[in-house]
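J.: Okay, here's the prediction I keep looking at, along with the sequence it came from:
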Amino acid sequence: DAGVTQSPTHLIKTRGQQVTLRCSPKSGHDTVSWYQQALGQGPQFIFQYYEEEERQRGNFPDRFSGHQFPNYSSELNVNALLLGDSALYLCASTTGGIDEQYFGPGTRLTVT
Amino acid sequence: DAKTTQPPSMDCAEGRAANLPCNHSTISGNEYVYWYRQIHSQGPQYIIHGLKNNETNEMASLIITEDRKSSTLILPHATLRDTAVYYCIVRPIYNNNDMRFGAGTRLTVKP
């Protein structure tokens, strides 16, 4: 039973560029959430996708957007990258948005 | 902001029980207490959760005080692989998005 997978593992981008991160949920899960984790801090909720729509959003600017596909996989897009966007981006999946979330290994984004 | 308060760090001897405290004095009746841990450079791993009764699973035990204002996560026989940051989180029963991670407790298990 595959767990949550994310790609790429690491990524280096330049300030002002755009980036797309990908996530495949755990088998049987239909809901995907994205988190940003800065160094030394806990994860911060970005948004959640269910039935291909954004269901809830944390305190992040519109530069952060996402998408969910019919197979429940998801993408996180960040436009106009800032140095402060450097972080570990985590994807978590669950069923229905009520049960506990299972996290992927994350994508380490470095903005230079 | 996180709704919980945890000590920043703790040490534990290998083979001994690790008791990690958490204060959540503003918890409401429709909020769970959840525990996750994060081993270096990995995603957080779900450990256990509870509402008001004590809970036990293959990983740990969760003891919640009667007034629900604090809890303790117990790892009965800590191993070196239990070295991680442990997060105590309070979240609404019907919304698993409202999980406000604090800085957690960095547990170091020593041989």
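T.: Perfect, I can see it now.
J.: State which one residue of chain B is found closest to chain A.
T.: Nearest residue of chain B to chain A, counting by CB to the nearest CB: B:F101, 2.8 Å away. (Glycine included, C-beta is placed from N, CA and C.)
J.: now that residue, nearest residue through space, not along the chain?
T.: Residue nearest to B:F101 in three dimensions, not counting chain neighbours: A:G42, with 2.8 Å by CB to CB, 6 or more residues apart in numbering or on different chains.
J.: who touches the one you found in this structure?
T.: Residues near A:G42 by CB atoms under 8 Å, 6 or more residues apart in numbering or on different chains: B:A2, B:Y87, B:R100, B:F101, B:G102, B:A103, B:G104.
J.: So which of the residues you listed sits lowest on pLDDT?
T.: The member of the contacts of A:G42 with the lowest pLDDT is B:A2, at 68.
J.: helix/strand/coil for A:G66?
T.: Reducing the assignment at A:G66 to three states with DSSP: H, G, I helix; E, B strand; the rest coil gives strand.
J.: Could I get the contacting residues of it?
T.: Per CB under 8 Å, 6+ apart, neighbours of A:G66: A:W34, A:I46, A:F47, A:Y49, A:E54, A:S74, A:E75, A:L76, A:N77.
J.: Just the CA atoms from stretch B:79-95 would do, formatted as PDB, please.
T.: Extracted in PDB, the C-alpha atoms of stretch B:79-95 (Å, rounded to 0.1, in the frame of the first residue of the first chain):
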ATOM      1  CA  THR B  79      14.500   3.700  21.400                       C
ATOM      2  CA  LEU B  80      17.100   5.700  19.500                       C
ATOM      3  CA  ARG B  81      14.700   5.800  16.600                       C
ATOM      4  CA  ASP B  82      12.200   7.700  18.700                       C
ATOM      5  CA  THR B  83      14.500  10.800  18.600                       C
ATOM      6  CA  ALA B  84      12.300  13.400  16.800                       C
ATOM      7  CA  VAL B  85      10.300  16.600  17.200                       C
ATOM      8  CA  TYR B  86       6.900  15.700  18.800                       C
ATOM      9  CA  TYR B  87       3.900  18.000  18.100                       C
ATOM     10  CA  CYS B  88       0.800  18.200  20.300                       C
ATOM     11  CA  ILE B  89      -2.100  19.700  18.300                       C
ATOM     12  CA  VAL B  90      -5.700  20.600  19.200                       C
ATOM     13  CA  ARG B  91      -8.000  20.400  16.200                       C
ATOM     14  CA  PRO B  92     -11.800  20.500  15.700                       C
ATOM     15  CA  ILE B  93     -13.600  17.200  15.500                       C
ATOM     16  CA  TYR B  94     -15.100  18.000  12.100                       C
ATOM     17  CA  ASN B  95     -12.200  19.900  10.500                       C
END
